[in-house]
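Visitor: Sequence plus the predicted model coming up.
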Amino acid sequence: MLAALPAGLAVGSGGLIGLVLGMIGGGGSILAVPLLVYVVGMASPHAAIGTAAVAVAVNAATSLGLHAHGRTIRWPCAITFSVAGVAGALAGAAIGQAIEGQKLLAAFGVLMIVVGLLMLRGKSGTSEPSPWLSRETAPRLLPRLAGLGAAVGLLSGIFGIGGGFLIVPGLMLAARMPLAEAASASLVAVTAFGVASASSYAWSGLVDWPIAALLIAGGAGGAIAGTRLNTALSGHKTAMTRIFAAIVIAAGLYVGIRGLAPLLA
């Protein structure tokens, strides 16, 4: 049975993750592992990654349902990217479990810094509709979708993140998707990667189910608040993304230093 303080911190952490996801459409999951380790107080980085992966999968599936109801999703491209990514995520989860915990945290910090810098660069898209995967486009699209999907899935599996900020640029690059379409299609991959990573960690007993449930519960409330903020601040999305990128970079520096400190002692 969880004590009141850790339980409250888990719900609050889930709320923050959901708030970020709802407000800027991604990025909340990359905060999950640092929150679980340094705020909730989970001792095992591996268990934190597995627990975060469960929450990411459930939150992404919920968001996917909302997006699928109101928008057109390029399902053939999204599914191809996701299938390749699941194979990468399963391989990545096995690699992540084999890496010593402090080294994994240090590498996670480096990834956070890289993601934050990519966010600051911004995303370029096209106003043309992305091509459907068909017999005519398959020779060109399949290798790009499969290759980028597998690479992003590998990182997602190692670090237990949804990979949304990696998936969106990947879909835009592979299939010339506009940003809005890539954001919706990315939820297919985030859900698939999360399920694959969570399944691998759960099979190894590296998921704290009570904390995962609290993260999911908090995330639901945070997502509602974040969605409302997204609507209210719709004219300032670039500024919001830059602020969040700065937070991710700062958190990455903190996580990386904390992960390296025991190794250098």
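Guide: Cool, the structure landed. These numbers were taken from a predicted model, which means no experiment stands behind them.
Visitor: got any ranges where the stretch 1-150 of the chain has weak pLDDT?
Guide: Screening the stretch 1-150 of the chain residue by residue with the criterion pLDDT under 70, one finds the ranges 1-4, 22-29, 67, 70-72, 122-134.
Visitor: Okay, strands next: where are they in it?
Guide: Chain-ordered strands for the stretch 1-150 of the chain, with DSSP state E, counting those that start in this stretch as the definition, do not occur.
Visitor: burial count for Gly205?
Guide: For Gly205, the neighbour count with other Cβ atoms under 10 Å is 9. Using the backbone N, CA and C atoms, a C-beta is placed for each residue, glycine as well.
Visitor: repeat for Ala239
Guide: The number of residues packed near Ala239 is 10, by other Cβ under 10 Å.
Visitor: Leaving out the residues flanking it, which one is nearest to Gly92?
Guide: Leaving aside its sequence neighbours, Gly92 sits nearest to Gly157 (Cβ to Cβ, 6 or more residues apart in numbering; 2.5 Å).
Visitor: And for Ser197?
Guide: With sequence-adjacent residues excluded and distances taken as Cβ to Cβ, 6+ apart, Ser197 is closest to Ala53, at 4.1 Å.
Visitor: For the one you found, list the residues it contacts.
Guide: For Ala53, the contact set (Cβ atoms under 8 Å, 6 or more residues apart in numbering) comprises 93, 160-161, 194, 197-198, 201, 207.
Visitor: hmm, try it at 6 Å
Guide: Contacts were defined as Cβ atoms under 6 Å, 6 or more residues apart in numbering; by that measure Ala53 touches 160, 194, 197-198, 201.
Visitor: Of the residues you listed, just say which sits nearest to Gly259.
Guide: Gly160 (14.7 Å; Cβ to Cβ).
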